[in-house]
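Enquirer: pasting the structure only:
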């Protein structure tokens with residue numbers, strides 16, 4: 001037998017197959033959503049995936065010490081980009097979230113989902129274990145989470161702000177902060193909901209009210225979710241067939257290639273297609289969870305746990321949104337929805353977790 005070169009053996013073929021399967025399925029849906037054409041979405045999405053996959057594999061070869069050393073610098077750099085969005089960003093879909101870099105419209109708030117996890121992981125790695133129950137373990141983390149979340153809320157982008165908060169809170173939880181802190185914060189948050197609701201923009205308030213009473217405005221604020229439910233329900237068990245989705249092809253389903261792409265898929269592929277996609281996401285999350293459990297260092301463990309929750313948050317909120325189980329907040333479906341910034345974020349998460357996985361295969365477990 002011809003010996004397999006070590007460089008080939010180190011390539012994570014199973015992970016590539018999972019990522020390729022999810023993205024490939026998404027390309028078929030984008031092809032159909034464009035009326036049976038590779039442009040303007042499927043071809044560009046496929047090229048992005050190949051580029052970002054290559055970048056993730058390269059990132060995976062980096063020593064994790066690099067991510068730890070540059071965690072704060074990356075956080076500050078993306079914080080500056082968020083400020084630049086407020087000053088220089090262009091408006092799209094009623095929100096000011098993007099910076100035009102020519103080859104891609106970059107959404108810095110997407111990258112902050114990764115940066116906040118890595119920065120907090122470094123913070124709690126440097127903090128002595130006995131100090132996790134003191135106030136010094138709490139207030140710096142709240143500031144690090146609160147500042148970018150507030151900037152993102154100004155864009156306005158409630159979904160991404162929540163994702164930043166969730167990723168940070170998961171790192172805090174895994175770092176060993178007292179449970180009563182989380183419990184008391186949750187109670188205080190519930191009590192403050194009426195006040196927080198008043199700070200939302202008018203269209204965000206309408207989305208929350210429509211979520212509570214979907215039929216109150218079916219042709220206005222509730223139009224998106226009503227059409228999404230119709231598309232998903234009409235797909236049945238096996239779907240209407242590839243290229244035969246009426247809701248998306250007749251433009252009844254808004255944003256059928258981005259936020260509501262799951263509804264576009266479910267109409268044509270039905271329950272079977274939905275379960276196949278969920279199985280792909282399950283395999284991806286199982287891999288990332290194993291990386292967190294087997295991490296050799298405290299930094300690697302906290303980072304992998306936070307990034308796993310970031311990916312899970314994408315999936316859970318998008319699926320709940322299109323099914324009417326959560327308000328519409330504009331969260332894309334990972335690797336499936338059309339968009340460069342969200343794919344860049346997911347593949348960056350994958351690359352960092354690959355680096356953690358490679359690190360765990362060498363040396364002994366080390367926590368401090």
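Expert: Great, that's in hand. These numbers were taken from a predicted model, which means no experiment stands behind them.
Enquirer: how close does residue 318 sit to residue 332?
Expert: In this view, residue 318 and residue 332 are 6 Å apart by Cβ to Cβ, to the nearest Å. Where C-beta positions appear, they are placed from N, C-alpha and C, glycine not excepted.
Enquirer: Quick check: neighbours shared by those two?
Expert: residue 259 (Cβ atoms under 8 Å, 6 or more residues apart in numbering).
Enquirer: quick one: low-confidence parts of this protein?
Expert: For the chain, the stretches with pLDDT under 70 are 1-9, 89-97, 101-104, 129, 192-193, 197-201, 203-204, 209-221, 363-368.
Enquirer: Which residue ranges of it form strands?
Expert: Here the chain has its strands, by DSSP state E, at 90-92, 95-100, 105-106.
Enquirer: Please tell me how far the shortest one is from the chain's geometric centre.
Expert: If I follow you right, that is strand 105-106. 16 Å (Cα atoms, centre = their mean, to the nearest Å).
Enquirer: what's in contact with that strand?
Expert: So strand 105-106 is contacted by 81, 92, 98, 99, 100, 340, 341 (Cβ under 8 Å, 6+ apart).
Enquirer: Verify the contact between the last one and residue 114 for me.
Expert: No. Taking contact to mean Cβ atoms under 8 Å, the distance of 11.4 Å between residue 341 and residue 114 leaves them out of contact.
Enquirer: count of residues packed around residue 206?
Expert: Residue 206 has 18 neighbours, counted by other Cβ atoms under 10 Å.
Enquirer: let me fix that: residue 69
Expert: When neighbours are counted by other Cβ under 10 Å, residue 69 comes out with 11.
Enquirer: Relative to residue 126, how far out is it?
Expert: In terms of Cβ to Cβ, residue 69 sits 12 Å off from residue 126.
Enquirer: contacting residues around residue 147?
Expert: Contacts for residue 147 (Cβ under 8 Å, 6+ apart) come out as residue 79.
Enquirer: and the closest residue to residue 154 other than its chain neighbours, how many neighbours?
Expert: The shortest distance from residue 154 to any non-neighbouring residue, by Cβ to Cβ, 6 or more residues apart in numbering, is to residue 86 (6.4 Å). Residues lying near residue 86 (other Cβ under 10 Å) number 11.
Enquirer: Report the buried residues of stretch 35-48.
Expert: 41, 42, 45, 46, 48 (16 or more other Cβ atoms under 10 Å).
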